[in-house]
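**Student:** My questions concern the predicted model and sequence given below.
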Amino acid sequence: MNYRRLGRSGLKVSELSFGSWVTYGNQLGAETAIECMAAAYAAGVNFFDNAEVYAKGASETIMGEALAKLGWRRSSYIVSTKFYWGLHDGPNEKNTLNRKYLRGAIDASLARLGLEYVDLVFCHRPDPDTPIEETVWAMHDMVAQGKALYWGTSEWSAAEIVRAWEIAERLHLHKPVMEQPQYNLLHRKRVEKEYAPLYEDVGLGLTTWSPLASGLLSGKYRNGVPAGSRGALETYAFLREGLTDPAKNRLVGDLAGVASELGCTLAQLALAWCLLNRNVSTVITGATRVEQIAENMKALDVAAKLTPEVVTAIDAIVGPHAA
Ligand SMILES: NC(=O)c1ccc[n+]([C@@H]2O[C@H](COP(=O)([O-])OP(=O)(O)OC[C@H]3O[C@@H](n4cnc5c(N)ncnc54)[C@H](OP(=O)(O)O)[C@@H]3O)[C@@H](O)[C@H]2O)c1
């Protein structure tokens with residue numbers, strides 16, 4: 001495993017990390033979560049991504065149970081959570097980044113995780129109803145109180161990130177350090193174009209999500225929806241149209257040729273491609289079983305095989321079609 005700095009911060013994150021969206025609480029209970037986290041950690045993964053809203057809090061509870069059983073040194077791993085959607089229906093309990101919600105949300109997340117602090121905390125989406133200055137203060141307070149070590153954003157526009165950063169700079173508050181955007185072979189413009197000035201200007205780090213586009217880029221949806229896959233989950237039926245999209249699956253079929261020439265799987269090719277972007281601090285992977293983790297971790301070796309010629313061949317296939 002290699003480790004990269006999280007943007008301009010001093011924190012080092014493993015190039016591949018492991019997250020719990022969809023999986024924990026919906027597809028995996030504590031036992032399989034422990035197996036998967038142990039396999040990832042053994043491979044050198046030091047960052048485990050989570051969010052308040054995942055499985056309505058159950059994902060944090062499961063990760064907390066797993067961490068307690070695994071008993072790793074606290075200094076050896078990084079845990080995150082994210083806030084915005086909330087767990088309750090009140091006007092100050094959902095779809096907000098106001099001070100009142102954030103103050104309560106961090107304490108409840110820490111209780112579910114069984115931790116004294118999270119390493120990373122994200123504003124899970126922008127909130128047009130709360131002044132950014134109020135959110136910046138609330139996130140600063142979380143860090144100042146030792147409940148989180150670094151704060152950042154997820155799917156904020158470049159302009160919103162810069163505004164938050166400038167407010168923190170002007171008021172001498174803890175600044176946003178990282179952003180968590182979607183990044184994969186079919187979804188690249190925000191990371192490659194919109195955020196381009198921010199890597200130098202504000203030292204932005206990236207923890208990127210859905211490197212396999214929810215499994216599409218593994219090739220498993222080329223002939224329909226396999227039983228037991230994410231695409232088969234009724235509660236996530238909204239993903240199915242994209243996963244079974246014939247045009248996208250044709251591109252995946254074309255990528256299969258590149259993967260077989262390199263002697264790797266499609267999933268490994270897709271993950272390795274994300275690693276080539278040096279502005280990405282860590283690629284957050286997802287898995288429902290240990291075998292997927294074993295396969296996905298080998299993407300680190302595949303990255304070395306992605307020569308400029310191979311990247312050009314990949315770009316010729318997906319470049320014109322990526323969002
Ligand atoms: N900030 C945000 O808004 C946001 C949004 C989404 C995700 N995230 C974070 O990013 C993490 C990763 O996202 P993701 O889970 O969508 O990642 P992904 O890599 O796009 O999809 C992971 C899923 O693909 C399937 N898969 C994984 N490896 C495979 C392999 N080798 N072969 C075949 N299928 C494989 C598994 O699902 P099945 O086995 O069920 O098919 C797995 O759960 C999340 O856990 C979460 O922490 C953040």
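**Tutor:** Nice, thanks for sending it over. Numbering: from 1, shown residues only.

**Student:** I'd like the average pLDDT over the helix or strand harbouring Arg163.
**Tutor:** Take DSSP states H and E as the rule and Arg163 turns out to sit in helix 158-171. Across helix 158-171, pLDDT averages out at 98.

**Student:** same for that helix, what does it pack against?
**Tutor:** helix 132-144, strand 148-153, strand 176-179, helix 198-201 (3 or more Cβ pairs under 8 Å, 6 or more residues apart in numbering; DSSP states H and E). No exception for glycine: its C-beta is placed from N, CA and C like everyone else's.

**Student:** which other helices and strands contact the first one?
**Tutor:** Contact here means 3+ Cβ pairs under 8 Å, 6+ apart; on that basis helix 132-144 packs against helix 99-113, strand 118-123, strand 148-153, helix 158-171.

**Student:** looking at the helices and strands packed on helix 158-171, which is buried most?
**Tutor:** By mean neighbour count, with neighbours taken as mean count of other Cβ atoms under 10 Å, strand 176-179 ranks first of the helices and strands packed on helix 158-171 at a mean of 26.

**Student:** quick one: the strands in the chain?
**Tutor:** 3-5, 12-14, 16-19, 47-49, 78-83, 118-123, 148-153, 176-179, 205-208, 282-285 (DSSP state E).

**Student:** Those strands: which one's closest to the ligand?
**Tutor:** strand 16-19 (2.0 Å; Cβ to the nearest ligand atom).

**Student:** Against the ligand - does that closest one have any residue that ends up touching it?
**Tutor:** Yes: Strand 16-19 is in contact with the ligand by Cβ under 6 Å from any ligand atom, via Gly19.

**Student:** per-residue confidence averaged over that strand?
**Tutor:** 98.

**Student:** Now do the buried residues in stretch 271-283.
**Tutor:** Leu271, Ala272, Trp273, Cys274, Leu275, Asn279, Val280, Ser281, Thr282, Val283 (16 or more other Cβ atoms under 10 Å).

**Student:** my guess is the third one meets Ile314, correct?
**Tutor:** Yes: shown here, Trp273 and Ile314 form a contact pair, counting by Cβ atoms under 8 Å, at 6.3 Å.

**Student:** Spatially nearest residue to Leu185 (excluding sequence neighbours)?
**Tutor:** Val318 (4.9 Å; Cβ to Cβ, 6 or more residues apart in numbering).

**Student:** My read is that the one you found contacts Ala213, right?
**Tutor:** No: applying Cβ under 8 Å, one finds Val318 not in contact with Ala213, separated by 10.9 Å.

**Student:** Other residues contacting the helix holding Arg163?
**Tutor:** For helix 158-171, the external contacting residues (Cβ atoms under 8 Å, 6 or more residues apart in numbering) are 126, 132-133, 135-137, 140, 153, 156, 173-176, 179, 194-195, 197-198, 201-202, 204.

**Student:** ok and that helix relative to helix 132-144, angle-wise?
**Tutor:** 60 degrees (axes from the mean of the first three to the mean of the last three Cα atoms, to 10 degrees).

**Student:** quick one: helix 158-171 to strand 148-153, angle?
**Tutor:** Using the same axes, to 10 degrees, helix 158-171 lies at 140 degrees relative to strand 148-153.

**Student:** Ramachandran angles for the closest residue in space to Leu110 that isn't next to it in sequence?
**Tutor:** Spatial nearest neighbour of Leu110, excluding adjacent residues (Cβ to Cβ, 6+ apart): Lys147 at 6.4 Å. In terms of degrees, to the nearest 10, the main-chain angles of Lys147 are phi -90, psi -20.

**Student:** Now do the contacts for Lys147.
**Tutor:** Counted by Cβ under 8 Å, 6+ apart, Lys147 has contacts Ile106, Asp107, Leu110, Tyr117, Val118, Val121.

**Student:** Nothing else from me, thank you.
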